[in-house]
Structure formats: C-alpha cells, structure tokens
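Q: Sequence first, then the predicted structure:
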Amino acid sequence: EAGVAQSPRYKIIEKRQSVAFWCNPISGHATLYWYQQILGQGPKLLIQFQNNGVVDDSQLPKDRFSAERLKGVDSTLKIQPAKLEDSAVYLCASSLTGGWTGELFFGEGSRLTVL
Amino acid sequence: AQKITQTQPGMFVQEKEAVTLDCTYDTSDPSYGLFWYKQPSSGEMIFLIYQGSYDQQNATEGRYSLNFQKARKSANLVISASQLGDSAMYFCAIEDAGGTSYGKLTFGQGTILTVHP
C-alpha cells in the first residue's frame, strides 16, 4: 500500500513570494490533514478535510494560507505572501475515517525555508 | 483546550536497555485518546501506540507499552530492549474530542531519544 505522498520535499523562497505544496493521501482515505511543524516544536493542525469539505480550519492563517481538496482526493496548501515565520515543515496526513484509533498516516513532509 | 507536556528535551539509553519517556496532559474532556509518534530524521511521523481514556488496560504494541495513569494525567511511553534504530524524536499527542474534529491532535514539544551502542 502506497503511503502519503508529498511534494516538493524542500523549497526555499524569499519573503513575500508564494509557494504551494501538494499532498496525495492513501487511497480511500476520506480525511486529510495539514500540519505545520516549526523547528523544535510539535506539529500543529492547520486544516482538516473530510472528503472535499473543510471540517476544521480554526488555526489556518487565512490572510495568507489557503488549502483545497477539490475532488476529495489530493490537496494543495498555498502560502501567499510568505513570511519568515512560515519557515517550517508542512506535514500532510490522512486517515480512513478520522476516528480514534491512531490510524493517522503522515507523509514525509515539505520543508519550507523563507529567506 | 488540550495541552501536552513533555519535560524531557533529550534522553539517552544504552542499547538493549529499557527507557521511559514522560508525558503529562491536560484536558477537560471525559473522553480522549492519547498517542505516541516517532519522528526519525527523515521527517515522517510514525504511529507507535494509542490509549483510549476508557481503556481498562495499558496499551502495548511489541516493544512499546504505555504506562497510563489517568488520575495523574500521565501517559508515559516505555520502550523495552532499545535498538539503535529507536534513536529519533518522540511525540506524545492527545486527540480533540470536540465535535467532528477527530484526528485533530495536539502534540507536545517532543523528546529526542539517543540510543548508544
């Protein structure tokens, strides 16, 4: 079974530029999450999708971050314009049902450096 | 709001010995889930073990066991017979029980485990 795929693995941009990250979850997983992990900290949830609908985006900085999951499969996270403090690893995760069974599967992440 | 505290920034253990990684949590929800994840240098978060708040027995998964003390709000991870490949960052997390936000995990700061040969 293929895991959660993310790209690009690494991205370096200057502040005020834009960037987009792509995630393809495990086949059949209805729930998709984007987490932000700043160096030295634990991941923080940015947005959660159930199929193509947003379940929780309370911690997404909506003035600069956007995310979509148009067909309920893969997802894109965009940052525009980027700030220095956006330097982090962006982790995508998926689960079959979003239940309490530890079935969250993470990708390897996309590491963003903003100069 | 949930909170996870991991007080050990780094831990060292000799190969083949056991090690305990501490985790305390704070939540007002009667039902919750506790998780431990391993993050090697590659960056991927690997699920290790899960404990439900109403589970009567401590969870075990191979060499991993969770010492769950509900009254003390602690969920320590015990790794038995440490291996060199266990060297990684370990995160404790609690699942938000509010509404439909299953899977919304609140993570601690993590503990870096180094296994010495």
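A: Looks like it arrived, so ask away. Since the model is a prediction, treat every value here as computed from it, not as a measurement.
Q: mind checking pLDDT for the residue sitting nearest the centre point of chain A?
A: Nearest residue to the geometric centre of chain A (C-alpha atoms, centre = their mean): residue A:34, 2.9 Å. In the predicted model, residue A:34 carries a pLDDT score of 96.
Q: C-alpha coordinates for the strand or helix carrying it, PDB please?
A: Element membership for residue A:34, per DSSP states H and E: strand A:31-37. Extracted in PDB, the C-alpha atoms of strand A:31-37 (Å, rounded to 0.1, in the frame of the first residue of the first chain):
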ATOM      1  CA  THR A  31      -9.900  12.500   5.900                       C
ATOM      2  CA  LEU A  32      -6.900  14.700   5.100                       C
ATOM      3  CA  TYR A  33      -4.900  17.000   7.400                       C
ATOM      4  CA  TRP A  34      -2.300  19.600   7.000                       C
ATOM      5  CA  TYR A  35       0.000  20.200  10.000                       C
ATOM      6  CA  GLN A  36       2.700  22.800  10.400                       C
ATOM      7  CA  GLN A  37       5.800  21.800  12.300                       C
END
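Q: Quick one: neighbours of the closest residue to chain B within chain A, just the number.
A: In chain A, the residue found nearest to chain B is residue A:42; the distance is 2.9 Å by C-beta to the nearest C-beta. For the C-beta atoms, the positions are set from N, CA and C on the backbone; glycine is no exception. Here the number of neighbours of residue A:42 (other C-beta atoms under 10 Å in any protein chain shown) works out to 22.
Q: Please list all residues in contact with it.
A: B:4, B:91, B:93, B:107, B:108, B:109, B:110 (C-beta atoms under 8 Å, 6 or more residues apart in numbering or on different chains).
Q: Just to be sure, it is in a strand?
A: No. Secondary structure assignment (DSSP: H, G, I helix; E, B strand; the rest coil) places residue A:42 in coil, not in a strand.
Q: per-residue pLDDT, it?
A: 93.
Q: now do residue A:31
A: If you check residue A:31, the pLDDT there is 89.
Q: Same check on residue B:104?
A: 79.
Q: Check the one 5 residues further on too.
A: The per-residue pLDDT reported for residue B:109 equals 95.
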